[in-house]
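Enquirer: Got a predicted structure plus its sequence, pasted below:
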Amino acid sequence: TMKKVLLSSAAILGLAVASPALAQDNALDLQINGHYKGYVSYIDQDDAGTAETRDVDWLQETEVHLQGETTLDNGLTVGVHVEAEVDGGDSAAIDESYAYFSGAWGRVNAGDEDGAAYLLQVAAPSADSNVDGIRQFVSGVNYTNLDPTNGSPTSTEIALDYDNDAANDANKLTYLTPVFGGFQAGASYTPDTQATSFTGLANAGSAPNGATSTLGNASDDVAGSYGSAYEVGARYEGIVNNVGFILGAGYTHVDLEEDLGTQDDFEEWNVGLDVDLGAFGLGVVYTENNNGQETLDENETWVVGADYTTGPFKLGASYLTNDNDFTGDTDRYTGGVVYTYGPGMSLRGSISYLDVDNASVDADATNVLLGTQINF
């Protein structure tokens with residue numbers, strides 16, 4: 001099946017919760033949706049040092065999304081979208097919040113949302129998109145115990161994925177064109193990513209922070225800090241002789257405000273192809289960045305994935321390899337099955353094998369995950 005439906009043509013699903021009185025008092029009708037992802041995780045990994053990793057644990061990721069939208073008489077659609085992560089020690093943290101405006105001319109996102117390079121990026125088929133998809137939401141690997149000599153693990157080591165979102169959720173403006181004959185393009189501008197460093201990202205990765213303050217304009221010319229980000233992306237969906245395909249590419253440039261010695265402007269790009277023939281899917285993605293450095297500036301990731309859908313079952317497998325001057329080489333092999341047992345409800349099982357090889361450690365890890373995803 002086609003992956004990552006084009007944003008401007010996607011329908012927003014949800015449960016309307018606004019009362020009649022509330023709907024009369026506000027221009028936007030409120031909807032609520034989200035997802036719950038819960039997994040039993042078994043891990044067998046090479047622990048270094050004295051620390052030991054628990055064999056069995058419970059992992060989950062839950063979000064609640066609020067959506068308000070209306071279409072005016074002139075055809076302009078105006079909306080607000082807010083996402084809250086609700087697994088942080090029984091407290092909630094806002095993940096994304098932005099307004100959007102759309103019409104026959106395209107769409108504009110304004111605020112705390114990913115940019116065009118990610119929104120239009122092509123994803124390869126996966127065993128379980130939560131585990132080996134374009135973004136990884138669930139992993140049992142404990143990198144602190146696997147490689148304690150590497151210091152604190154980066155966010156992208158914890159999430160070994162390949163999304164191109166260097167500006168992350170920093171406040172930005174994004175324009176997406178309408179879909180013309182299957183083609184769509186987009187561009188984003190982020191005034192300030194507020195990212196202090198891109199050093200040592202495990203893969204394509206993302207900036208560690210986003211600019212969301214309302215207390216004044218962010219500082220400029222901060223030593224070692226990365227500032228403005230510029231993104232472009234494009235993708236094309238088509239069918240040739242009953243073979244469906246998605247082809248896409250994206251590029252991001254983040255300005256270095258002031259060099260501390262070996263830093264450079266951060267640059268990353270991606271290209272991907274996803275092909276579907278009947279029940280079979282096959283895809284490949286390549287992405288690289290320069291770690292924001294003048295030296296140790298090679299960071300390449302290849303992803304190959306395949307899947308087969310029969311009735312409510314989807315069988316999938318993927319291979320990811322990352323070669324990073326900072327963190328060494330990582331290979332991941334994943335296979336699994338997803339069973340859809342109801343609308344928006346699925347049971348998921350996968351097994352992943354990781355081989356981590358860098359200057360200080362050669363370690364392996366095997367992770368078995370059994371869980372469910374419920375969309376609401």
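Expert: Looks like it arrived, so ask away.

Enquirer: which residues of the protein score low on pLDDT?
Expert: Applying pLDDT under 70 to the chain flags the ranges 1-26, 88-91, 148-159, 195-215, 359.

Enquirer: secondary structure class for the most centrally placed residue in it?
Expert: Against the mean C-alpha coordinate of the chain, by Cα atoms, centre = their mean, the closest residue is Arg135 at 3.7 Å. Here Arg135 is recorded as coil under DSSP: H, G, I helix; E, B strand; the rest coil.

Enquirer: could you measure it against Ser126, distance?
Expert: As for Arg135, its distance to Ser126 is 10 Å (criterion: Cβ to Cβ, to the nearest Å). No exception for glycine: its C-beta is placed from N, CA and C like everyone else's.

Enquirer: for Gly38, same thing?
Expert: The value you get for Gly38 to Ser126, if Cβ to Cβ is used, is 18 Å.

Enquirer: So which of these two has more stuff around it?
Expert: Neighbour totals were compared for Gly38 and Ser126, and Ser126 leads with 28 against 17 (other Cβ atoms under 10 Å).

Enquirer: ok but the more buried one is inside a strand, no?
Expert: No: per three-state DSSP, Ser126 lies outside any strand segment and is coil.

Enquirer: Return the residues in contact with it.
Expert: 132-133, 305, 307, 316, 318, 334 (Cβ atoms under 8 Å, 6 or more residues apart in numbering).

Enquirer: Same check on Phe376?
Expert: Going by Cβ under 8 Å, 6+ apart, Phe376 touches 15, 33-36, 344.

Enquirer: Same question for Val78.
Expert: Contacts were defined as Cβ under 8 Å, 6+ apart; by that measure Val78 touches 27-28, 69-72, 99-101.

Enquirer: let's see 10 Å
Expert: 27-28, 68-72, 99-103 (Cβ atoms under 10 Å, 6 or more residues apart in numbering).

Enquirer: Could you do Ser228 as well?
Expert: 167, 170, 172, 189-193, 220, 253-255, 257.

Enquirer: Just the buried ones from those, in PyMOL syntax?
Expert: Restricted to buried positions by 16 or more other Cβ atoms under 10 Å, the PyMOL selection for the contacts of Ser228 reads:
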select buried, resi 167+170+172+190+191+192+193+253+254+257
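
Enquirer: roughly how far apart are Phe245 and Phe183?
Expert: 13 Å.

Enquirer: Tell me which of the two has more neighbours.
Expert: Shown here are Phe245 and Phe183; by other Cβ under 10 Å, Phe245 has more neighbours (19 against 15).

Enquirer: Spatially nearest residue to the more buried one, not counting backbone neighbours?
Expert: Computed as Cβ to Cβ, 6 or more residues apart in numbering, the closest residue to Phe245 that is not its neighbour in sequence is Val275, at 4.8 Å.
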